[in-house]
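A.B. asks: here is a sequence with its predicted model. Questions after.
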Amino acid sequence: MATGQRSVFLRTTSGLVREFSVLDLLLMATLAIFGIQNTLLQFPWFYGYNPGANLPLALAIGLIPFLLLNLVYWAEGVIMPRAGSDYVWMARTTHPSIGFAWSCVYLFGFVGCALIVIISSLAYAISTSLATWALLYNVPSLYDVGTTLASPIGAFIFGTVLLSIYTVICILGSKAAKVLLYSGWIFGSIAIITMWFILGSTNPTAFAAKWDMFLSKQVTYQGLFDVAKSAGWMVTPFSMAATVGSLPIALLFLFGANWTNLIIGEVRNVRRAVPVALMFSLLLGFTIWVISAQTTLMAVGENWMSAIGFLWDNAPAAYGSVMSYPPSQILFLGLVAYPNQLLVALMIFTFIAGNIAYPFIFLLFPTRYFFAWSFDRVIPTKLANVNQRFRTPHFAIIVTAILGVIELGIYYFTSYTTAFAIGTFAEIACWVVISLTMVLFLRTKPDILETAPTFMRKRFAGVPTIGYIGVASAIAFAYVSYLFLANPLLFGIGTLGLELMAVVAIFGFVLYYASLYYHKRRGIDMDLAFKEIPPV
């Protein structure tokens, strides 16, 4: 290819096909915000660390920064609807090296945090489900299987097998992905409805009786209060200060919808799909979380949840001295549903089956970064190859899966136990940066501003609304970043985490300029590609 030609890309089309619908994208976006497995220990974790906080109110406050962020991604998605959309946006709005380094850090948050934590938590959910059935129906062998699955080697093998299956489905294309996606949503919806039905059928008095029926030999419902008090817990009434202070943890419940923009190059009717997926999924996810939290507290008792959460979070030795089971949602549900074996079986089965699509989307999304990088020649162009039969970037998918297996090994067999905190903070920091690009966009790409939604082009004091939205989103997530840095429960990683993020960013800059030098020696000016938006 001659660099002097007007076309600067190796191909005039990406080779990807727009086979995802508005509904497909909405389901993926909502799934990213609420996976049923996330209820496993989320409520004891939240209330144990935040006595006196109100989770629904904290989530309502947390909607504000995420609504702003989703407006930013709405603009970016419809203006540059390409695979790896936010990388393409960053590389064309700022500088290619900045865009690539930024996306490397963001990818680290995906593969090094989200994908690994979700797979490991699924293994734990299955393990806990087996242990619950073993407790209720006296099947010790199932408890042993669950214990094996929860072990590092068992969880690693499970995660590797799961990643291998997901890799095949990814390569097979959108039809296979949709079968998995819709199956997961059907089972997940049944699980959510069943969970609400079970929790709504009881109250703390009835729950206490069920708890004592099975667990009084370890600790009674009332006795757990005494253990918690001896460890330092006390009844804390609701306060707005505690609710605001809980925001660093509450905000984690709302992560995810904007990640769907990574596959926006494969979505039909983009101008409709993006706002529906981003905005409606956020409201739907918020609603599901609020109902799930409230029904759980009304079933087991708010103070009791705070007490057991305090022990689990802050005094694990005291908790372990009286309880051999984690305070999991599936345990609570199993106790309430007993002795209805069919209802218990339905809850456990759908609780597990409802998660089959959840980890999958976190493998699917980051594959499009490798594809987009390769299409721009920053990494070997082979990774942008698209399988002619299935229309998927098979090499990019395989590379992502291999990285996932490596990360699983690091997570389970080394002292690297801070992936969650590091990756979460990396994503938040990246959101600050991409929000600020909205201001730069008005100076560097004013010619394509007309492709933004009409209300984002309305001017106030001569500045389009989209600029104000970007600044507001950046300020909101800068404050969220501060909350994470100031909270040792979430950001207890010291300087190691910051150094690791810096290394990833530096690696991105080095790799970009090495690739630039390599291509220039071959007579190709790679920078020319970044003066254009990649072809569809």
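C.D. replies: Perfect, I can see it now. None of the values given here were measured: they were computed from a predicted structure. Numbering: from 1, shown residues only.

A.B. asks: pull up the gap between residue 377 and residue 80, please.
C.D. replies: Going from residue 377 to residue 80 by C-beta to C-beta, to the nearest Å gives 18 Å. Bear in mind the C-beta positions are built from the backbone N, C-alpha and C, glycine included.

A.B. asks: neighbour count: those two, which is higher?
C.D. replies: Neighbour count, other C-beta atoms under 10 Å: between residue 377 and residue 80, residue 80 has more, with 26 against 19.

A.B. asks: test my guess that that one contacts residue 532.
C.D. replies: No. Shown here, residue 80 and residue 532 do not form a contact pair, counting by C-beta atoms under 8 Å, at 10.9 Å.

A.B. asks: and residue 446, what's its pLDDT?
C.D. replies: pLDDT recorded at residue 446 is 86.

A.B. asks: one more: the one 4 residues further on?
C.D. replies: Each residue has a pLDDT score; the one for residue 450 is 89.

A.B. asks: shouldn't it be within a helix?
C.D. replies: Yes. Assigned with DSSP: H, G, I helix; E, B strand; the rest coil, residue 450 falls within a helix.

A.B. asks: all helices of the stretch 1-150 of the chain, in order?
C.D. replies: Here the stretch 1-150 of the chain has its helices, by DSSP state H, counting those that start in this stretch, at 22-33, 42-49, 55-79, 85-93, 96-109, 116-137, 140-150.

A.B. asks: of the ones you listed, flag the one that's most buried.
C.D. replies: Counting by mean count of other C-beta atoms under 10 Å, helix 85-93 has the highest mean neighbour count of the helices of the stretch 1-150 of the chain, with a mean of 27.

A.B. asks: for residue 167, give me its contacts.
C.D. replies: Listed by C-beta atoms under 8 Å, 6 or more residues apart in numbering, the contact set of residue 167 reads 363, 397, 398, 401.

A.B. asks: ChimeraX command to pick out the buried ones of those?
C.D. replies: Those of these that count as buried under 16 or more other C-beta atoms under 10 Å are selected in ChimeraX with:
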select :363,397,398,401
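
A.B. asks: quick one on the thing from earlier: to residue 524, which of the helices of the stretch 1-150 of the chain lies closest?
C.D. replies: helix 96-109 (13.9 Å; C-beta to C-beta).

A.B. asks: between the helices of the stretch 1-150 of the chain, which one is closest to residue 228.
C.D. replies: That would be helix 42-49 among those, by C-beta to C-beta, at 9.5 Å.

A.B. asks: ok, and what's touching the closest one?
C.D. replies: Residues from elsewhere that reach helix 42-49, judged by C-beta under 8 Å, 6+ apart: 53, 55, 246, 249-250, 253, 293, 296-297, 302, 305-306, 308-314, 327, 329, 489.

A.B. asks: do me a favour and average the pLDDT over that helix.
C.D. replies: Summarised as a single mean, pLDDT over helix 42-49 is 94.

A.B. asks: could you give the angle of it to helix 116-137?
C.D. replies: 100 degrees (axes from the mean of the first three to the mean of the last three C-alpha atoms, to 10 degrees).

A.B. asks: can you show me the CA trace of helix 42-49 as CSV?
C.D. replies: Taking Å, rounded to 0.1, in the frame of the first residue of the first chain, the C-alpha atoms of helix 42-49 are listed here in CSV:
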residue,chain,number,x,y,z
GLN,A,42,-22.5,-7.9,48.2
PHE,A,43,-25.1,-7.0,50.9
PRO,A,44,-23.1,-8.2,54.0
TRP,A,45,-20.1,-6.6,52.4
PHE,A,46,-21.8,-3.2,52.0
TYR,A,47,-23.7,-3.1,55.3
GLY,A,48,-20.8,-4.6,57.3
TYR,A,49,-18.5,-1.8,56.2
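
A.B. asks: report the angle between that helix and helix 55-79.
C.D. replies: Here helix 42-49 runs at an angle of 120 degrees relative to helix 55-79 (the same axes, to 10 degrees).

A.B. asks: just use 687 as the starting number from now, easier for me
C.D. replies: Noted, 687 is the first residue going forward, which turns the last one into helix 728-735.

A.B. asks: returning to what we had before: can you put the helices of the stretch 687-836 of the chain in JSON lines and add distance to residue 887?
C.D. replies: Below are the helices of the stretch 687-836 of the chain laid out as JSON lines (distance: least, C-beta to C-beta, whole Å):
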{"stretch": "helix 708-719", "distance to residue 887": "26"}
{"stretch": "helix 728-735", "distance to residue 887": "18"}
{"stretch": "helix 741-765", "distance to residue 887": "21"}
{"stretch": "helix 771-779", "distance to residue 887": "44"}
{"stretch": "helix 782-795", "distance to residue 887": "40"}
{"stretch": "helix 802-823", "distance to residue 887": "17"}
{"stretch": "helix 826-836", "distance to residue 887": "25"}
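
A.B. asks: nearest to residue 908, of those helices?
C.D. replies: Of all those, it is helix 728-735 that lies closest to residue 908, at 17.7 Å by C-beta to C-beta.
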